[in-house]
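J.: okay, predicted coordinates and the sequence, questions at the end:
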Amino acid sequence: MVPEAELKDVLDELQRLRARVPLLTGALAASTDGLIVAQDTPGIEAEGVAALTAAALGVSIRMTDATGRGGFRELLIRGENGYIATYAAGASAVLTLLAEDRINVGRLHLEGRRAGARIGEVVDAAQDRVDRPVPSPRPPQSRALPRRGTAPDSP
């Protein structure tokens, strides 16, 4: 899981993104298995969107693999009333954006890719710290000198 300080950083990034792109109606960052990292999605059930994002991500990854297109980068869905765009956010997260139909799709991609990269850096760094085992303290080393007339131990 992502520590509280990093959650605030991710939420701040989502809010800055929504301020830069006024036609965004929601933004959420989720783990690749569908758990919410942070969300700014007024009027939307974020847990359901995160779970559906994970399902769509699974299909997208299989599609890119089957067609030899490399690793997943982004997915764009257009409905009658707007767009849903999902961007890779590091190794263990995705960014999903909800936008009005009138949005400039080029701007959506530009801002989504940048925000996904920043969120990915935060989440991956936090995940690395969580996954890295804490070294156990070493017992104190004896510093006894050899007795007179004996040779020190050889390696």
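T.: Received, thanks.
J.: where does the prediction get shaky in this structure?
T.: Along the chain, segments meeting pLDDT under 70 span 1, 133-155.
J.: quick one, longest helix in it?
T.: Longest helix in the chain, counting residues (DSSP state H): helix 105-131.
J.: packing partners for that one?
T.: Judged by 3 or more C-beta pairs under 8 Å, 6 or more residues apart in numbering; DSSP states H and E, helix 105-131 is in contact with helix 4-20, strand 24-31, strand 74-79, strand 82-89, strand 93-100. All C-beta atoms are positioned from the backbone trio N, CA, C, and that covers glycine.
J.: quick one, the shortest one and helix 105-131 angle?
T.: Using axes from the mean of the first three to the mean of the last three C-alpha atoms, to 10 degrees, the direction of strand 74-79 lies 130 degrees away from that of helix 105-131.
J.: now the longest one
T.: Note on geometry: by the same axes, to 10 degrees, helix 4-20 and helix 105-131 are set 180 degrees apart in direction.
J.: helix 4-20: how far from the chain's middle?
T.: Relative to its parent chain, helix 4-20 has a centroid offset of 12 Å by C-alpha atoms, centre = their mean, to the nearest Å.
J.: in that helix, what counts as buried?
T.: Of the residues in helix 4-20, E6, L7, D9, V10, L11, E13, L14, L17, R18 count as buried by neighbour count, 16 or more other C-beta atoms under 10 Å.
J.: now those in a markdown table, with distance to S31?
T.: Output for the buried residues of helix 4-20, formatted as a markdown table (distance: C-beta to C-beta, whole Å):
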| residue | distance to S31 |
| --- | --- |
| E6 | 13 |
| L7 | 12 |
| D9 | 16 |
| V10 | 11 |
| L11 | 15 |
| E13 | 16 |
| L14 | 15 |
| L17 | 19 |
| R18 | 21 |
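J.: ok, so of those, who is nearest Y87?
T.: The nearest member of the buried residues of helix 4-20 to Y87, counting by C-beta to C-beta, is L17 at 10.9 Å.
J.: please name the bridge partners of the residue nearest the centre of the chain.
T.: The centroid of the chain falls nearest to A93 when counting by C-alpha atoms, centre = their mean (3.0 Å). Beta-bridge pairing of A93 under DSSP bridges involves S31, A89.
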